[in-house]
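Q: kindly return the folded structure for what I paste below:
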Amino acid sequence: MAIYVGTSMVAWTALLAVGDKPIVAVKLGQYEVWPTEDAPVNAPPNPIDDFSASSNTIDTIKMTFGPAGGFPDPIYNLFENGFEVVTDIATGYVLDRTGPYTADYHVEAVNSQGSADSNIDSGTAHEYVPPPPGEAPGYISNFSATDDEIGQITFTFSTTSGNPTPTYYIFEDGTDKGRIYSSGETWEYPGGHTANFQVQAYNSTGDTLSNTDSGISATISGLVIVDFDGYSADPGGEGTVSIDNGIGAFTVPAGVTSVRYTVQGAGGSGAYRSCPDSSSDEAGGGGRAGGFLNFIAIQVAPGEVIPFTIGKGGIGVWNSNSAVNGNQGGTSEFQNIVGGGAGGTWSDDNNCSYDLGAVFSGIFEYANTNFFSYGGEASGAGGAGGQPGYADLHNESGMGVVSGHGEAGSGGGARVVADNTDVSAEGISGNGGDGQVVITWG
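A: Numbers count the residues shown, from 1 in each chain. The predicted model follows:
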């Protein structure tokens, strides 16, 4: 078997054979041994068309290129403006040049069989420019804080010069309140919050405060009046209440941090007494007014949900043969529990006449104070704080009706049934007024 000895730089380390034919060359010292039929053919390098010299670095130029081929393996020499400056380089070679400097470059691939040049490319080394000396931030003269946004304040300003680039901080009444990342940021504040604001531009060289501007977090006002089966509200209170059959919740609007509320318990119903003949007058008294808490102020948080209960007024009573006291009014609750009024009672003043009936008054109770008011009256007046009652005489049936039905928290009126024609007549006492909650803010 013929053997070829070459001088390639490849370092073979083993000999594999199939039968008596080697299939891989073996390195012997500085030489490679090949089977004759597998020996490479001597050839000059091929031209290189992807040579590149960099133009984006400081005081250096980087050379990159692909292999030229040929056998034996070629070496690559670097040329600058047509003159050889470095021999035997590899792709990625970095040439030191003090910027600013620009020249034309190429490489020449050389082996024992010949040589080939690459394409030419211009390369540039840039000059090192030290950073400018530190500069304190410039003055900002157009800082502004809003005064018409509900529950918030928005800050606007122009950025300023400085080296390094400044960062910005909000100052409130001379105190640093934290970093602001861009003009137009909005910060939340309680409604009615007022302060003098500035923006500070800061870097490691110094800091500068802007002009001062007063900012106000606007306050919204609102009113809701909640009854047993619904509510009414001004525009500021729309959508703040849910209510179903006396059970509900109030959601604090955005920007609101305090509210005042009034709670009224439901009134008791009036008592009932039948009047079988004209020899006696047994009239039922009016129900008591419900308990009452007026304009209590509390602190709240925007979005907070506060449950409440509205008491149902005591239901009117009736019995055809005997006296019946009125029913207790339901309890109302919003933060504090407020009781409902007691039912009315009955008595006999020996005169069965709707306009001369005895007067029985409920007592208005207010959280350990000496405030008093009155429930309904058998004579037809409504409960204290409620609407006047009404009187109606049904002559056709011989039944006289006297009734008072108070509004929220009032006692129900008594009811008297008179039989002026010796015909038995019956009726029902007045209901107590339902409870109520009133909430205001702003």
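
Q: and this structure, what are its domains?
A: With domains defined by automatic domain parsing, the chain comprises 3-38, 52-126, 144-218, 220-442.

Q: pull the helix or strand with minimum mean pLDDT from this structure.
A: strand 390-394 (a mean of 27; mean pLDDT, DSSP states H and E).

Q: so where's the stretch 151-300 of the chain uncertain?
A: Scanning the stretch 151-300 of the chain with the threshold set as pLDDT under 70 gives 271-289, 294-295.

Q: let's see it at 90
A: Within the stretch 151-300 of the chain, the stretches with pLDDT under 90 are 151-152, 189-193, 217-222, 227, 229, 233-238, 253-258, 260-298.

Q: show me what stretch 141-149 is in contact with.
A: With contact meaning C-beta atoms under 8 Å, 6 or more residues apart in numbering, stretch 141-149 is reached by 152-158, 186, 197-199, 210-218. C-beta: built from backbone N, CA, C; applies to glycine.

Q: quick check: mean pLDDT across it?
A: The predicted model assigns stretch 141-149 a mean pLDDT of 94.

Q: measure that stretch end to end?
A: 23 Å (C-alpha to C-alpha, to the nearest Å).

Q: next, the buried residues of it.
A: Across stretch 141-149, burial judged by 16 or more other C-beta atoms under 10 Å covers 143-146, 149.

Q: for those, could you give me TSV that also reports distance to A125 and secondary structure?
A: Below are those laid out as TSV (distance: C-beta to C-beta, whole Å; DSSP: H, G, I helix; E, B strand; the rest coil):
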residue	distance to A125	secondary structure
F143	45	coil
S144	49	strand
A145	51	strand
T146	53	coil
E149	56	strand
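
Q: quick check, N42 in contact with P72.
A: Yes: look at N42 against P72 with C-beta atoms under 8 Å: they come within range, at 7.4 Å.

Q: of those two, give the one with the bigger neighbour count.
A: Using other C-beta atoms under 10 Å as the criterion, N42 and P72 rank with P72 on top: 16 against 13.

Q: mind checking how far the more buried one is from V110?
A: The spacing between P72 and V110, counted by C-beta to C-beta, to the nearest Å, is 10 Å.

Q: and A53, bridged to which residues?
A: M63 (DSSP bridges).

Q: please disregard the earlier target; I meant A195.
A: Beta-bridge partners, per DSSP bridges, of A195: G215.

Q: the one 5 residues further on now?
A: Taking DSSP bridges, one finds Y169, L209 as the beta-bridge partners of Q200.

Q: repeat that for S144.
A: Assigned bridge partners for S144, using DSSP bridges, are T156.

Q: now do the end-to-end distance for stretch 238-249.
A: 13 Å.

Q: buried stuff in that stretch?
A: Those would be 240-241, 243, 246, 248, for stretch 238-249 by 16+ other C-beta under 10 Å.

Q: list residues touching both of N42 and P72?
A: 112-113.

Q: may I have stretch 192-202 as PDB, with CA atoms only?
A: What follows is stretch 192-202, C-alpha atoms only, in PDB (Å, rounded to 0.1, in the frame of the first residue of the first chain):
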ATOM      1  CA  GLY A 192     -60.000  68.500  50.500                       C
ATOM      2  CA  HIS A 193     -56.300  68.000  50.800                       C
ATOM      3  CA  THR A 194     -54.400  71.300  50.100                       C
ATOM      4  CA  ALA A 195     -50.600  71.900  50.000                       C
ATOM      5  CA  ASN A 196     -47.800  73.800  48.300                       C
ATOM      6  CA  PHE A 197     -45.900  71.500  45.900                       C
ATOM      7  CA  GLN A 198     -42.600  71.700  44.000                       C
ATOM      8  CA  VAL A 199     -40.600  69.200  41.900                       C
ATOM      9  CA  GLN A 200     -36.900  68.700  42.700                       C
ATOM     10  CA  ALA A 201     -34.500  67.800  39.900                       C
ATOM     11  CA  TYR A 202     -31.600  65.800  41.400                       C
END
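
Q: just the buried residues of that stretch, please?
A: Buried, per 16+ other C-beta under 10 Å, within stretch 192-202: 193, 195, 197-202.

Q: could you check how far S232 is from A297?
A: 22 Å.

Q: who's the residue lying closest to I247 once chain neighbours are set aside bridged to?
A: Using C-beta to C-beta, 6 or more residues apart in numbering and skipping the chain neighbours, the partner closest in space to I247 is T309 (6.0 Å). Taking DSSP bridges, one obtains I247, E333 as the residues bridged to T309.

Q: can you name the residues that contact T309?
A: T309 neighbours (C-beta under 8 Å, 6+ apart): 246-248, 331-334.

Q: got a markdown table for these, with distance to V263 too?
A: Below are the contacts of T309 laid out as a markdown table (distance: C-beta to C-beta, whole Å):
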| residue | distance to V263 |
| --- | --- |
| G246 | 13 |
| I247 | 15 |
| G248 | 13 |
| T331 | 10 |
| S332 | 5 |
| E333 | 7 |
| F334 | 5 |
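
Q: quick check, nearest of those to R260?
A: Lowest distance from R260 to the contacts of T309 (C-beta to C-beta) belongs to F334, with 11.1 Å.

Q: so the closest one makes contact with V300?
A: No: counting by C-beta under 8 Å, V300 is not a contact partner of F334; they are 11.8 Å apart.

Q: what residues of the helix or strand hosting V263 count as buried?
A: Using DSSP states H and E, V263 sits within strand 258-264. For strand 258-264, burial by neighbour count (16+ other C-beta under 10 Å) applies to 259, 261-264.

Q: can you give the strand pairings for it, parallel or anti for each?
A: strand 292-299 (antiparallel), strand 436-441 (antiparallel).

Q: most packed of those?
A: strand 436-441 (a mean of 23; mean count of other C-beta atoms under 10 Å).

Q: neighbouring contacts of it?
A: 220-227, 236-237, 250, 253, 256, 258-264, 308, 310, 332, 334, 408-409.
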